[in-house]
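Asks: Sequence isn't available, so here's the structure alone:
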């Protein structure tokens, strides 16, 4: 249903360097680099970062987040660890999240601008 998503960032170079490792853990690489935008994906850009120089940090209470699908719990773990190593924050360590209808394994990170990004998988165990 959703083809691609994008987030605003105040420093494109910093954000591109930040996102390379956590997105690589999910199989996404940098595919497009333009003066004001960078696109990451597998076959085509699915996740974009767009320069917004005057953008204030994203408020933690905004409630907005983007969730990316991982194939395995190990990918979720690697996504979270890579984000922390690259200077991001943890907004929820990797782990099982039981829910009313589905059991899932996820981790939440924040990028240097405060964008909240989740990685999720649905283990069958």
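Replies: Okay, I see it. None of the values given here were measured: they were computed from a predicted structure.
Asks: Do a quick rundown of the strands in this protein.
Replies: With DSSP state E applied, the chain shows strands at 5-9, 29-34, 37-41, 45-51, 66-69, 89-98, 103-110, 116-121, listed in chain order.
Asks: so what strands line up beside the fourth one?
Replies: In this case it means strand 45-51. strand 5-9 (parallel), strand 37-41 (antiparallel) (DSSP bridges).
Asks: Turn those into TSV, including mean pLDDT.
Replies: Below are the strands paired with strand 45-51 laid out as TSV (pLDDT from 0 to 100):
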stretch	mean pLDDT
strand 5-9	97
strand 37-41	98
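Asks: okay if I get those strands as a markdown table plus distance to residue 100 and mean neighbour count?
Replies: Backbone N, C-alpha and C define where each C-beta goes, glycine included. Shown next, in a markdown table, are the strands paired with strand 45-51 (distance: least, C-beta to C-beta, whole Å; neighbours: other C-beta atoms under 10 Å):
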| stretch | distance to residue 100 | mean neighbour count |
| --- | --- | --- |
| strand 5-9 | 25 | 18 |
| strand 37-41 | 32 | 20 |
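Asks: Pull the distance from stretch 25-41 to the chain's centre.
Replies: Its chain's average C-alpha position is 12 Å from that of stretch 25-41, according to C-alpha atoms, centre = their mean, to the nearest Å.
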